[in-house]
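> what's the 3D shape of this:
(one chain, ligands or ions: 2)
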Amino acid sequence: MSPMSIQPAPSVPPPPVPSAARPPRRRPSQLLRAAKGPLWIDLHVHSTASDGTDPPDQLVRRAHALGLDVIALTDHDSFAGLAAAGAAAEAVGLELMPGLELSAHHGPAHGPDSRPVHLLGYGCRPDHPELTAELKLIRRSRRERTPKLLEQLAGLGFELDLAEVEAQAGSAAAVGRPHLADAMVARGQVVDRDQAFALYLGDDGPVRADRHTPTAARAVDLIRAAGGCAVLAHPWARGAEAWISPAWLAQLTQHGLFGLEVDHVDHSADQRRRLRQLADRLGLAVTSSSDYHGRGRKGHPLGAERTDPAVYAVLRQRLVDQKGRL
Ligand SMILES: [Zn+2]
Ligand SMILES: [Zn+2]
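Ligands and ions are numbered 1, 2, ... in the order given. Presented below is the predicted three-dimensional model:
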């Protein structure tokens, strides 16, 4: 069944998922809020478990204080923030959709034609052996890349050591370029993360080193195998329209892609319109999310984009059917 074939939002919230293995169910916020108007749903936010600046519990409380009903915590290549976020969500009565943002690539594995692609995975079972193994590989490879990046920065005259980067990463499960950027900011070498990426650390910048990521198709396969639903994050952001073609999206759809993150701050109105048409043609769901990183990224305030509650209901039902994690 196409995700778009269910049009009206259900008047009754989906039934709770019984499972002895799962943590206690959170209070279904739909019940409380449905009468007050449309739900406010943000399906893409980051915590300190990856490169966000809000700890997972604070992030949940911030979302609740703003009035959001549902957030998906989608840290990069890690489920590490979900336990703390889940407990906080339970306490305040917000619904937490467990998620992650899986790093993948388009084109060859390495070299100038290899392009990063991000797959949001919703409702994945966190103990799925293949997905767990892949996540470990991705995180290890990212960690091992950091000294290489530091060497290149030293070549450009920026003195910085690994301990400074690790201090910025704090408890993050995945140490990466954003933390390196934070260390540069702390040293006064750049003014903020955006400048660090624009001048040095970006994918087309002078400081680069290969790391392991799966192909986008394999990322979708892994998310599906773990009972989850895969949504392509910010498909055409930052110039990606040049390589993310409709034909390539059709291939990914064959692998079981669930949706496209059409409404993202980095997409223009025209891109959103054309991505919507594409999603419609391919039978993909359309999601709308902020990609909030706290102070880690400007212009992505929490709740900036809202996913249609009807789409969320389809996603939730799909996860129930697939025995995903809810
Ligand atoms: Zn992303
Ligand atoms: Zn993100």
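
> Now the one residue sitting closest to the centre of the chain. Nearest residue, chain neighbours left out?
Geometric centre of the chain, nearest residue: Glu101, 3.4 Å, by C-alpha atoms, centre = their mean. Counting by C-beta to C-beta, 6 or more residues apart in numbering, Thr74 is the residue found nearest to Glu101 once chain neighbours are left out, at 4.5 Å. Bear in mind the C-beta positions are built from the backbone N, C-alpha and C, glycine included.

> How about Glu144?
Arg211 (7.7 Å).

> for the one you found, what are its contacts?
Contact analysis of Arg211 by C-beta atoms under 8 Å, 6 or more residues apart in numbering lists 138, 141-142, 144-145.

> What of His212?
Going by C-beta under 8 Å, 6+ apart, His212 touches 109, 137-138, 140-141.

> Which of the helices or strands spans Ala104?
strand 95-106 (DSSP states H and E).

> give the contact list for Ser78.
By C-beta under 8 Å, 6+ apart, the contact set of Ser78 is 49-50, 100, 135, 139, 172-174.

> again, but for Leu68
Here Leu68 is in contact with 40-42, 94, 302-303 (C-beta under 8 Å, 6+ apart).

> Please apply the same query to Val231.
Per C-beta under 8 Å, 6+ apart, neighbours of Val231: 43, 119-120, 122, 257-261, 285, 287.

> Quick check, pLDDT for Pro55.
pLDDT recorded at Pro55 is 97.

> Equivalent analysis for His255, please.
Value for His255, per-residue pLDDT: 96.

> And it, how close does it get to ligand 2?
Plainly put, His255 is 21 Å away from ligand 2 if you go by C-beta to the ion, to the nearest Å.

> and that residue, how many neighbours?
16 (other C-beta atoms under 10 Å).

> What are the boundaries of the strands in the stretch 101-250 of the chain?
In the stretch 101-250 of the chain, the strands defined using DSSP state E, counting those that start in this stretch lie at 115-122, 229-232.

> hmm, the longest one in reach of ligand 2?
No: taking C-beta under 5 Å from the ion as the criterion, strand 115-122 and ligand 2 are apart, separated by no less than 6.4 Å.

> what sits up against that strand?
Outside strand 115-122, the residues that touch it by C-beta under 8 Å, 6+ apart are 43-44, 72, 74, 97-107, 203, 213, 216, 219-220, 222-223, 226, 228-234, 240, 243-244, 258, 261, 287, 315, 319, 324.

> which ones among these come in contact with ligand 1?
Contacts with ligand 1 within the contacts of strand 115-122, as defined by C-beta under 5 Å from the ion: Ala233.

> Just the buried ones among the contacts of strand 115-122, please.
43-44, 72, 74, 97-106, 213, 216, 219-220, 222-223, 226, 228-234, 240, 244, 258, 261, 287, 315, 319, 324 (16 or more other C-beta atoms under 10 Å).

> Would you check which pair of the contacts of Val231 lies furthest apart?
Greatest spacing in these, by C-beta to C-beta: Leu43 and Leu257 (14.9 Å).

> So Leu156 is in contact with Leu199, correct?
No: contact criterion C-beta atoms under 8 Å: Leu156 and Leu199 do not qualify, at 9.6 Å.

> Confirm for me that Ala167 is in contact with Ala183.
Yes: the criterion here is C-beta under 8 Å, and Ala167 meets it with Ala183 at 7.5 Å.

> What residue in the stretch 101-250 of the chain comes nearest to ligand 2?
Using C-beta to the ion, the single residue of the stretch 101-250 of the chain nearest to ligand 2 is Glu101, 4.8 Å away.

> partner residues bridging that residue?
Bridge pairing for Glu101 (DSSP bridges) gives the partners His76, Leu120.

> From Gly188, how far out is it?
According to C-beta to C-beta, to the nearest Å, Glu101 and Gly188 sit 30 Å apart.

> Pro129 too?
Pro129 is 45 Å from Gly188, by C-beta to C-beta.

> quick one, phi psi at the residue nearest to Glu144?
Per-residue torsions, Arg211: phi -150, psi 160 (degrees, to the nearest 10).

> Need the contact partners of whatever helix or strand Leu59 lives in.
Using DSSP H and E, Leu59 falls within helix 56-66. For helix 56-66, the surrounding residues in contact (C-beta under 8 Å, 6+ apart) are 42, 45, 47-49, 52, 54, 71, 73, 81-82, 84-85, 87-89, 92-94, 96, 292, 294, 302-303.

> Just the buried ones from the residues you listed?
42, 45, 47-49, 52, 54, 71, 73, 81-82, 84-85, 87-89, 94, 96, 292, 294, 302-303.

> Turn the contacts of Ser78 into CSV, including distance to Arg273 and pLDDT.
CSV is the format used below for these (distance: C-beta to C-beta, whole Å; pLDDT from 0 to 100):
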residue, distance to Arg273, pLDDT
Ala49, 34, 95
Ser50, 31, 93
Leu100, 29, 98
Leu135, 35, 97
Arg139, 37, 94
Ala172, 36, 83
Ala173, 37, 76
Ala174, 34, 73
